[in-house]
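*Asks:* need a 3D model of the following:
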Amino acid sequence: QVQLVESGGGLVQAGGSLRLSCAASGRTVSDYSMAWFRRAPGKEREFVALIRWASSTRDYADSVKGRFTISRDSAKTTLYLQMNSLKPEDTAVYYCAARYRSSSGSYYTTDGYTYWGQGTQVTVSS
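*Replies:* So this is what the prediction gives:
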């Protein structure tokens, strides 16, 4: 079992920045790839960014490339999402997710992840 707890959400003006954190605990969290997803009002949960467990390769949704940065600490127990140049369309509940290194399925869809946090609200005002 892996437990994920997000924090850092809030209200920010367009053009501002926020940093989300996801504290991971449980079984050997360093063996897990991790990602951020978000769900905007009236929309499905969508992929935002991921970092793979071994190579630390990162990937981003086109909508956030160049503005968001995913990272994790050296102990791989905390995942971050630095969000800059925020736009009103970034308003959503942001979720942290984890999948074991041998998991199958897409890295870019919700069914590829086993563990989820409770979410943190990000609201960007215009």
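
*Asks:* now stretch 26-33: mean pLDDT?
*Replies:* Averaged across stretch 26-33, pLDDT comes to 78.

*Asks:* before we move on, what about stretch 101-112?
*Replies:* Across stretch 101-112, pLDDT averages out at 90.

*Asks:* buried residues in it?
*Replies:* Buried residues in stretch 101-112, counted by 16 or more other CB atoms under 10 Å: T110, G112. The C-beta positions use only the backbone N, C-alpha and C, and glycine is treated the same way.

*Asks:* and the helices in the protein?
*Replies:* With helices called from DSSP state H, the chain shows none.

*Asks:* centre-most residue in this structure?
*Replies:* Nearest to the mean C-alpha position of the chain, by CA atoms, centre = their mean, lies W36 at 1.8 Å.

*Asks:* quick one, what contacts the closest residue to it other than its chain neighbours?
*Replies:* Leaving out its chain neighbours, the residue that sits closest to W36 by CB to CB, 6 or more residues apart in numbering is V48, at 4.2 Å. By CB atoms under 8 Å, 6 or more residues apart in numbering, the contact list for V48 reads A35, W36, F37, R38, Y60, A61, V64, F68, L81, Y94.

*Asks:* count of neighbours near the third one?
*Replies:* Right, the one you point to is F37. 25 (other CB atoms under 10 Å).

*Asks:* I'd say it and A98 touch.
*Replies:* No: applying CB atoms under 8 Å, one finds F37 not in contact with A98, separated by 11.4 Å.

*Asks:* shared neighbours, those two?
*Replies:* Shared contacts of F37 and A98, counting by CB under 8 Å, 6+ apart, come down to Y113.
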